[in-house]
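Engineer: Based on what follows, work out the 3D shape:
(4 chains)
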There are 2 protein chains.
Amino acid sequence: MPRAGLTSDDVVTAAAGLIDEIGYPDLTMGLLAQRLGVRAPSLYKHVDGLADLQHRIATLAITELGEAVRDAMQGRAGLDALSALLTATRAYVTAHPGRYNATIGAEFTGPDDPLLKASARVLASIAAVLRGYGIGDGEMDHAIRAIRCTVHGFAVLQASSGFQWSGDPDESFDWMIRFIDRGLRAIRAPAGR
Amino acid sequence: MPRAGLTSDDVVTAAAGLIDEIGYPDLTMGLLAQRLGVRAPSLYKHVDGLADLQHRIATLAITELGEAVRDAMQGRAGLDALSALLTATRAYVTAHPGRYNATIGAEFTGPDDPLLKASARVLASIAAVLRGYGIGDGEMDHAIRAIRCTVHGFAVLQASSGFQWSGDPDESFDWMIRFIDRGLRAIRAPAGR
DNA sequence: ACCCTGTAGCTAATTAGATTAGCTTGATGG
DNA sequence: CCATCAAGCTAATCTAATTAGCTACAGGGT
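Structural biologist: Below is the predicted model:
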C-alpha cells in the first residue's frame, strides 16, 4: 500500500482543522489518524503524543493569531489600531474556537519554546497599540498586561460559546472597544480628579 | 465494613479540594474515590459521572466566588468596590485554581441550572460596582460584559499560572484596577474629544 | 538496474480510566 | 424483628493512549 507521506506539519494542520470542528476535548489520536487515513500509533512518528500535539496546536494558533492581528493593524494607530486588534482577534477565535481553547492551559516547555516567541509577537502588537496612545515605558508592561487580560478574557468566552449574550453582541463588542479607548486616552489626559 | 455514608455534597466538596491540589485535568474518578475511602463505581450513586462532577465543581466555584465578592464589596462603592471585586476574585482564584479551571468550559444545562443562578449573582455584583459609577441602564449590559471579560481574563491567566510576569505582579494588578476605574469614570465625564 | 538503509506505517499488546450490570448488606422505619 | 432501599462492592466492558516490535516503501549510492 502506498505511504501517506505525512510530515509533522501535516499532522498538526489536520489536528487543528479537526479540533475546530469537534471541539478541544474531543480531539483524540484515533480520530485524527482516521482523518489522515492512518492508524493511531503511526502518529507517534510525527508527534510526541497527545499532549505534544495539543501544545503544537496552541503554538499554531498563537502564531496565526499574531499574524492576523499584525495584518489587521497595518498602518493604523489609536482607536483604529485598537479596534483592528480586537476585531481580528474576535474573527480568529470565532473561526477557530478549538485552536484557541488549546492555548488556554498551554505552558511554555522552556526558553526555546516556539510558543514563547509566538506569544511575544502578539504582545508586541498590543504594545504597538499602546505606544499609539502615548503610553510610556514606565507603564508599558502594566498596560500590556491589562489589555491582555481583557482580550484574552473576551477570546476565552467567545471560544467556549460562553456568551449567552441576549442583546446585540456586536454592540457590546463595540462598546468594549470604546471603553478601552477611553481608559487609554484618560491616562494621558486625566479627567477631573 | 461500616458504610462511608457519603452525600453528593461530600463528593463534590472532596473533588473540589482534590482538583485544587492536583489540577483540573488530573482529577479522576479513581483518585477521588480513593480519597473518599471508596471504590470508583460507588461514586456513581452520588454524581452522574465525571462530566457531571466537573459541572458541579464549576457551580460550587462560581457560588463561592460570588459570595467572596459580595462579602468583600459590602459597604463600598466606586474605586473601593471595584478594587474589592478584583482583589476578592484574585484571592479566590489563587486559592482555588483547579475549581476556577472547572468553570472555563462549563455550559449551562438548562434554564434551571444552578450554575446559571450562581453566575447571575456574580454579574449582579459587577452591576453593583457599575451603578456606583453612575452607569445608566442603557449601557449597563455592555459595561457588565466588558468588565466580565477583563475579570475573567485575569482569572483564567491566574488559574493557569499563565503569568510569567517578570516585574511586580501586584503593581500590574493595581494598575489594571486604576485603568478600569479611569475608563469607567471617563464615561460620565468624557475627557477632551 | 540493484542493493541498503532509514523510517513511515502496521498489528498486537498493555495500561489507565470511565462506566455499567448485578450482587450484598447495613441502616432504618414500621 | 422484618422488609426495604440505597450505598457500596466486584466483575466486566469499552474507549483511548501509548509501547514494542515487525514490514516494507523510497531514495541514495554503487
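Engineer: anything in the worst-scoring helix or strand of chain A on mean pLDDT near chain B?
Structural biologist: Every helix and strand in chain A was compared by mean pLDDT, DSSP states H and E; the lowest is helix A:169-188, with a mean of 94. Yes - judged by Cβ under 8 Å from any Cβ of the partner chain, helix A:169-188 comes into contact with chain B through A:171, A:172, A:175, A:176, A:179, A:180, A:182, A:183, A:185, A:186, A:187. For glycine as for every other residue, the C-beta is placed from the backbone atoms N, C-alpha and C.
Engineer: Any of those buried? List them.
Structural biologist: For these, a neighbour count by 16 or more other Cβ atoms under 10 Å in any protein chain shown gives the buried set as A:172, A:175, A:176, A:179, A:180, A:182, A:183, A:185, A:186, A:187.
Engineer: Report the contact partners of the second one.
Structural biologist: I take that to be residue A:175. Residue A:175 makes contacts with B:139, B:142, B:143, B:145, B:146, as judged by Cβ atoms under 8 Å, 6 or more residues apart in numbering or on different chains.
Engineer: Surely the first one and residue B:187 touch.
Structural biologist: If I follow you right, that is residue B:139. Yes - counting by Cβ atoms under 8 Å, residue B:187 is a contact partner of residue B:139 at 7.2 Å.
Engineer: quick one: the strands in chain A?
Structural biologist: Applying DSSP state E to chain A gives no strands.
Engineer: Next one: residue A:27 from residue A:166, what distance?
Structural biologist: As defined by Cβ to Cβ, to the nearest Å, residue A:27 lies at a distance of 31 Å from residue A:166.
Engineer: Neighbour count: those two, which is higher?
Structural biologist: Regarding residue A:27 and residue A:166, a neighbour count based on other Cβ atoms under 10 Å in any protein chain shown identifies residue A:27 as having more, with 23 against 7.
Engineer: Let me see the contact set for the closest residue in space to residue A:24 that isn't next to it in sequence.
Structural biologist: Nearest residue to residue A:24 in three dimensions, chain neighbours excluded: residue A:101, at 3.8 Å (Cβ to Cβ, 6 or more residues apart in numbering or on different chains). Residues in contact with residue A:101 (Cβ under 8 Å, 6+ apart) are A:19, A:23, A:24, A:159, A:160, B:105.
Engineer: and what of residue A:12?
Structural biologist: Here residue A:12 is in contact with A:47, A:53, A:56, A:57, A:60 (criterion: Cβ under 8 Å, 6+ apart).
Engineer: quick one: which of those is most hemmed in?
Structural biologist: The most crowded member of the contacts of residue A:12, judged by other Cβ under 10 Å, is residue A:57 (28 neighbours).
Engineer: Isn't that one up against residue A:16?
Structural biologist: Yes - counting by Cβ under 8 Å, residue A:16 is a contact partner of residue A:57 at 5.3 Å.
Engineer: okay, and the common contacts of those two?
Structural biologist: Common neighbours of residue A:57 and residue A:16 (Cβ under 8 Å, 6+ apart) are A:98, A:99.
Engineer: could the contacts of residue A:12 go into JSON lines alongside distance to residue B:119 and pLDDT?
Structural biologist: Output for those, formatted as JSON lines (distance: Cβ to Cβ, whole Å; pLDDT from 0 to 100):
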{"residue": "A:47", "distance to residue B:119": "37", "pLDDT": "98"}
{"residue": "A:53", "distance to residue B:119": "32", "pLDDT": "98"}
{"residue": "A:56", "distance to residue B:119": "33", "pLDDT": "98"}
{"residue": "A:57", "distance to residue B:119": "29", "pLDDT": "98"}
{"residue": "A:60", "distance to residue B:119": "32", "pLDDT": "98"}
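Engineer: Can you tell me which of those is nearest DNA strand D?
Structural biologist: residue A:53 (7.6 Å; Cβ to the nearest atom of the strand).
Engineer: show me what contacts the closest one?
Structural biologist: Residue A:53 touches A:11, A:12, A:15, A:27, A:29, A:32, A:43, A:47, counting by Cβ under 8 Å, 6+ apart.
Engineer: Which of those fall within helices?
Structural biologist: A:11, A:12, A:15, A:29, A:32 (DSSP state H).
Engineer: Now do stretch A:45-54: distance from first to last residue.
Structural biologist: With Cα to Cα, to the nearest Å as the measure, stretch A:45-54 spans 16 Å from end to end.
Engineer: quick revisit: mind checking which of the contacts of residue A:175 are in helices?
Structural biologist: Short answer: these in helices (DSSP H) are B:139, B:142, B:143, B:145, B:146.
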